[in-house]
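Colleague: No sequence on hand, only this structure:
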């Protein structure tokens, strides 16, 4: 997501905070804000500036290439947007601490980190379990293929023996 979306999520959370009666009332907004932050950190830059600040920085610096992440206007925009977002989050954290007691914001961040870590561990365990199951299935199908091969060999031998006996019997009668 772009920084404007993150800033909007921070502002929406702050607005909800003022009327909220409990942490559960703002949990969805906090989750949305954190998700927008993570998405922004992963997402690459777009081709054209999306905000007026980006446009002004590009015009004043004389940058013409919108894809150049190393241009002074791109770097300045990134730094300014990061500071703006950080400031909004800092204000939000103070409001939460003021409403529910000092340390509440840090408790929220700690619990979130704990849950993210648990989620990653669960995903890792599921992948390992799926890998083990795939290996077990592979071994199972190898055994089945071996048994089917052995049965086919036995039936082939019995069929060959029957054919030989019929052939020998026909040969002995004709002589």
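Modeller: Arrived safely, thanks for sending. These numbers come from a predicted model, not from an experiment.

Colleague: if I look at residue 37, how far off is residue 30?
Modeller: 11 Å (Cβ to Cβ, to the nearest Å). All C-beta atoms are positioned from the backbone trio N, CA, C, and that covers glycine.

Colleague: same deal with residue 89?
Modeller: Plainly put, residue 89 is 10 Å away from residue 30 if you go by Cβ to Cβ.

Colleague: Residue 77 too?
Modeller: Distance of residue 77 to residue 30, computed by Cβ to Cβ: 26 Å.

Colleague: Check the burial of residue 58 by counting its neighbours.
Modeller: For residue 58, the neighbour count with other Cβ atoms under 10 Å is 21.

Colleague: Residue 137 too?
Modeller: Residue 137, neighbours per other Cβ under 10 Å, totals 10.

Colleague: Tell me the secondary structure at it.
Modeller: The three-state label given to residue 137 by DSSP: H, G, I helix; E, B strand; the rest coil is helix.

Colleague: That one: what's it in contact with?
Modeller: Residues near residue 137 by Cβ atoms under 8 Å, 6 or more residues apart in numbering: none.

Colleague: Now do it against residue 30, distance only.
Modeller: 42 Å.

Colleague: So what does residue 31 look like in phi/psi?
Modeller: Dihedral pair for residue 31: phi -60, psi -40, per degrees, to the nearest 10.

Colleague: average pLDDT across the one helix or strand residue 168 maps to?
Modeller: Assigned by DSSP states H and E, residue 168 belongs to helix 104-174. What helix 104-174 shows for mean pLDDT is 93.

Colleague: Repeat that for stretch 6-18.
Modeller: 70.

Colleague: List the buried residues for stretch 70-81?
Modeller: Residues of stretch 70-81 classed as buried by neighbour count (16 or more other Cβ atoms under 10 Å): 71, 73, 74, 76, 77, 81.

Colleague: Perfect, I'm done here.
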